[in-house]
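Novice: Fold the following.
(2 chains)
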Amino acid sequence: MAENSGTDPAVERSAEENAATSGTIIMVTVKTPKDKEEIAISEDASVSQFKEEISKRFKAKQDQLVLIFAGKILKDGDTLSQHGIKDGLTVHLVIKTAQKATGASSSAGSSTSGTSQVNSGTANTASPGPAVNLGTSQGSGPSPATSQPASLFTGFGDLSSLANLGMGSANFMELQQQMQRQLMSNPEMLSQIMENPLVQNMMSNPDLMRQMIMANPQMQQLMERNPEISHMLNNPELMRQTMELARNPAMMQEMMRNQDRALSNLESIPGGYNALRRMYTDIQEPMFSAAREQFGNNPFSALGVNADSPGAQPSRTENREPLPNPWGPPDTTSAATGTTTTSSTSSTTPSVSNPLGISSSSLGNGIFNSPGMQSLMQQISENPQLMQNMLSAPYMRSMMQSLAQNPEVASQVRSSPAAGTNPAQQQLMQQMLQMFAGGSASSQTPEVRFQQQLEQLSAMGFINREANLQALIATGGDINAAIERLLGSQPS
Amino acid sequence: MSRSYGVKVPRNFRLLEELEEGQKGVGDGTVSWGLEDDDDMTLTRWRGMIIGPPRTIYENRMYSLRVECGPRYPETPPFVRFVTKINLNGVHNSSGVVDTRAVSALAKWQNSYSIRVVLQELRRLMMCKENMKLPQPPEGQIYTN
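Specialist: Here you go, the predicted model:
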């Protein structure tokens, strides 16, 4: 063991093992965030020799090792003594795993895209249930083949956004999506849904519709990009017209046909084709892709929007799919008639008069019956918090408002078969109505609110004011239903 | 290393102590520090190394820093700047200089603090929600000024 000119007394203390290389052996501690090992190495060894030892001990490849001493990275060509590494000192080790930093950033990226997808899901559901791209039935009795992930739920107010609000259920979202998928696979349901008076009533409230539509962040984006859309939404006349359309299937069909014809005429105008195409690209596509992420087809194809005069408005949406064959099996995208613009069987082309492309077949009372809906209800009843959250969503509130204002609707909601099949659901419905009523009725007591109804009831001969009031509260002001309740509870 | 009785330890003694600790690997092994130049008798210029914390975007990266302990150290905090490029709140994007106000150990410096404390604090900052996902420049880039 040669004497070093070194100044370190520790060297003499070092263990005299069989040194393959000349120079004293020193014990260096190698520390990883998890581990610690003592390694014997020759004092004048090079860093790469040191790494060799380390790789044996730590079972890692040499090029995965990064050594740090006193704040500096040890390069392979250096020697230990160059860095002042002496006996008893500690060197830090980092074992680089195969994944690179870019892996980390891509995971960060994917998490953001994950959230944005969720948001788009939310957004899509946000669009008013009845409104917007629901499958068209373009005159086809048979329901649209590929129904759109209906926006039905959107009616239910962005349930998925509620999920985002931290209701904490991925479940919720999934549920939503399931519902949508079911709807998609069952076109008949869509038509049923449309027939549901509840939905029709909802749709007759333009404010509600507008609110719902606007609540959809994607819509908002789209609106920013295309002001025409917001104009359309803000035009009550147009909205009303659209609602009418939605409610009246026959009228809707007629409208569709007219529009299609108009569009095809448009195409034959020189330059018209380009205009149409532009419209499509500007409007339809973003919606397409936005919705597609979530639904896999194009629920928003209808959202093309347009103002009144064709040709002049770039916001006309063009849909290049063939007119559905009313006598044949529903067919979505066969490009049979090439140039004719038609609405796909499952989407409603926005037409001049039907900007939202509301399809009459897309709604229906099947909504309540869908298994998805039922499980949703179930979930809700199990988790009151969910209910709370759901109700606090803004458009939910306005929907409730429309429900409240229209007692018939309310009674329908309550008595609708789906609501009735499951006692929990029924209860839920009642709760909903009550909560709604409780939440919105501002400062009026039930008595004041139901003043008119109470008078009517007493005029009819129901003298028990208390009972009347109870009944009215339970039915949310619906006289007929209240009467039934009262009669039901009386012995005669 | 902290002294009680308010005894003021001379600067060099303190720094020598820190040097020894850096060489012995005191701490959890996630930060390392030492003299930039072994012949630096004034013990002013130091080098630090922070190992990027796992499960953050800084994972698997090693960040090299320069720490300068002025003549009034440890009464005054050291100057810290990153050598390896990093995107972290509190670090100037163009120079790598660490903003004294952004790091609580620097902003509320006490003479019992040390280079290790500062480095560990910076590492903790990397684990904060607001920082842990910041996109980072490609590995290996350094600040040139």
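Novice: tell me the contacts of the residue nearest to residue A:69 when sequence neighbours are not counted?
Specialist: Among residues not flanking residue A:69 along the chain, residue A:91 sits closest, at 4.8 Å (CB to CB, 6 or more residues apart in numbering or on different chains). Where you see a C-beta, it was placed from the backbone N, CA and C, and this is true even at glycine. Residues near residue A:91 by CB atoms under 8 Å, 6 or more residues apart in numbering or on different chains: A:28-31, A:50, A:67-69, A:74, A:85, B:25.
Novice: what about residue B:23, which SS state?
Specialist: What DSSP: H, G, I helix; E, B strand; the rest coil gives for residue B:23 is helix.
Novice: Only C-alpha atoms, please: export stretch B:67-82 in CSV.
Specialist: Below are the C-alpha coordinates for stretch B:67-82, written out as CSV (Å, rounded to 0.1, in the frame of the first residue of the first chain):
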residue,chain,number,x,y,z
VAL,B,67,-25.1,29.0,-5.2
GLU,B,68,-23.2,32.0,-4.2
CYS,B,69,-22.6,32.6,-0.5
GLY,B,70,-21.7,36.2,-0.1
PRO,B,71,-19.4,37.7,2.5
ARG,B,72,-22.3,38.2,4.9
TYR,B,73,-23.5,34.6,4.8
PRO,B,74,-25.1,33.1,6.8
GLU,B,75,-26.6,36.4,8.0
THR,B,76,-27.8,37.0,4.5
PRO,B,77,-29.2,34.4,2.2
PRO,B,78,-27.2,33.0,-0.7
PHE,B,79,-27.8,33.8,-4.4
VAL,B,80,-29.2,30.8,-6.1
ARG,B,81,-29.6,30.3,-9.8
PHE,B,82,-30.3,27.3,-11.9
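Novice: Beta-bridge partners for the residue nearest to residue A:69, please?
Specialist: With DSSP bridges applied, residue A:91 shows beta-bridge pairing to residue A:30.
Novice: where does chain B have low pLDDT?
Specialist: Scanning chain B for pLDDT under 70 picks out the ranges B:1-6, B:145.
Novice: cool, chain A as well?
Specialist: A:1-22, A:98-252, A:266-267, A:269-273, A:276, A:280-326, A:328-444, A:446, A:489-492.
Novice: So what are the structural domains in it, by residue number?
Specialist: A:25-95, A:186-278, A:446-488 (the TED database).
Novice: Next up, the contacts around the closest residue to residue B:82 other than its chain neighbours.
Specialist: Leaving aside its chain neighbours, residue B:82 sits nearest to residue B:96 (3.7 Å; criterion: CB to CB, 6+ apart). Going by CB under 8 Å, 6+ apart, residue B:96 touches B:81-86, B:143.
Novice: Most neighbours among those, please name it.
Specialist: residue B:86 (25 neighbours; other CB atoms under 10 Å in any protein chain shown).
Novice: Can I take it that it is in a strand?
Specialist: No - applying three-state DSSP, one finds residue B:86 to be coil, outside a strand.
Novice: Show me which residues of chain B are close to chain A?
Specialist: Applying CB under 8 Å from any CB of the partner chain, one finds that chain B approaches chain A through B:19, B:22-25, B:28-30, B:32-36, B:38, B:46-49, B:51, B:56-62, B:64-65, B:133, B:135-136, B:138-139.
Novice: Could you give me the PyMOL syntax to select whichever of those are buried?
Specialist: Buried residues within the residues of chain B next to chain A, by 16 or more other CB atoms under 10 Å in any protein chain shown, are selected in PyMOL with:
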select buried, chain B and resi 19+22+23+25+29+30+32+33+34+35+36+46+47+48+49+51+56+57+58+59+60+61+62+64+65+133+136
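Novice: Sort out which of the residues of chain B next to chain A are in helices and list them.
Specialist: In helices, defined here by DSSP state H, the members of these are B:19, B:22-24.
Novice: Looking at those, which one is closest to residue B:72?
Specialist: residue B:19 (18.5 Å; CB to CB).
Novice: Name all residues that make contact with that closest one.
Specialist: A:70, B:34-35, B:43.
Novice: mind redoing it with 10 Å?
Specialist: Neighbouring residues of residue B:19 by CB atoms under 10 Å, 6 or more residues apart in numbering or on different chains: A:70, A:84, B:33-35, B:38, B:43, B:46, B:115.
Novice: residue of chain B with the smallest distance to chain A?
Specialist: residue B:34 (1.9 Å; CB to the nearest CB).
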